[in-house]
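Chemist: pasting a predicted model and its sequence here:
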Amino acid sequence: FNLFDLIVVCISLVEVLLDIMTQCKMMDVGLPGLSALRALRVFRVLKLVRSVETLRTIFATLSNSIASVVYLFMLLLLFIFIFALLGMEFFGGFTPVPHRYKDTSGQYNADHFPCTFEAFHITWSADDDPPRCNFDTFFYSFVSIFVVLSGENWNEIYFDMHRATWHYSSALAT
């Protein structure tokens, strides 16, 4: 008698019964998270680890190697943290983020802030969308550095930050 198999089968039966009731229009309650519990069936394969010696060896090796990868992951987080803070220092506050200026109905443009746009030579026009990746908060800065490290659309961040700071800090912008 295996308790884990019993739980998986009972959850599957409940899911099938709810699906039949929904199809027959007896009950109009859909539980979308319940179908995700089918993934528990994958863990039944892990029972083989007890009986097969080579799989036990493979899982032991994998668990030992994960311990050393944790230190590399922590080092990566430290680098992301440092560069996120540097990005906030160099590029923070130059992008038009609408939620920052609620008193002007989300319009961060030269019409509402002429002194700021003139002093820092900001070139955002009124119809431009704000960049999704910016360095205005620590969270967005962390996400921006992660995007740059992953290599996915890093050039958009580069061009947005170049456009925001090209005149103010021309040595850093290129």
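Modeler: Now that the structure is in, tell me what you want to look at. Numbering: from 1, shown residues only.
Chemist: quick one: low-confidence parts of this structure?
Modeler: For the chain, the stretches flagged by pLDDT under 70 are 1, 27-35, 38, 96-110, 120-130, 165-174.
Chemist: can you show me the helices along it?
Modeler: With DSSP state H as the criterion, the chain has helices at 3-23, 48-51, 53-91, 114-120, 138-150, 154-165, 170-173.
Chemist: flag every buried residue along the third one.
Modeler: Within helix 53-91, the residues that qualify as buried by neighbour count (16 or more other C-beta atoms under 10 Å) are 80, 83-85, 87-88, 91. Quick note: C-beta positions are derived from backbone N, CA and C, even for glycine.
Chemist: do the fifth one as well
Modeler: Residues of helix 138-150 classed as buried: 140-145, 147-148 (neighbour count, 16+ other C-beta under 10 Å).
Chemist: now render the buried residues of helix 53-91 as a markdown table, adding distance to Val16.
Modeler: Formatted as a markdown table, the buried residues of helix 53-91 follow (distance: C-beta to C-beta, whole Å):
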| residue | distance to Val16 |
| --- | --- |
| Ile80 | 45 |
| Phe83 | 50 |
| Ala84 | 48 |
| Leu85 | 52 |
| Gly87 | 51 |
| Met88 | 52 |
| Phe91 | 54 |
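Chemist: now, which of those residues sits nearest Glu118?
Modeler: The shortest gap between Glu118 and any of the buried residues of helix 53-91 belongs to Phe91, at 19.5 Å (C-beta to C-beta).
Chemist: could you find the closest non-adjacent residue to the residue nearest the centre of the chain?
Modeler: For the chain, the residue sitting closest to the mean C-alpha position, by C-alpha atoms, centre = their mean, is Val143 at 6.9 Å. The spatially closest residue to Val143, leaving aside those adjacent along the chain, is Cys133, at 6.4 Å (C-beta to C-beta, 6 or more residues apart in numbering).
Chemist: between the buried residues of helix 53-91, which sits nearest Phe4?
Modeler: Nearest to Phe4 among the buried residues of helix 53-91: Ile80, at 38.1 Å, using C-beta to C-beta.
Chemist: surely that closest one and Ile145 touch.
Modeler: Yes - contact criterion C-beta atoms under 8 Å: Ile80 and Ile145 qualify, at 5.0 Å.
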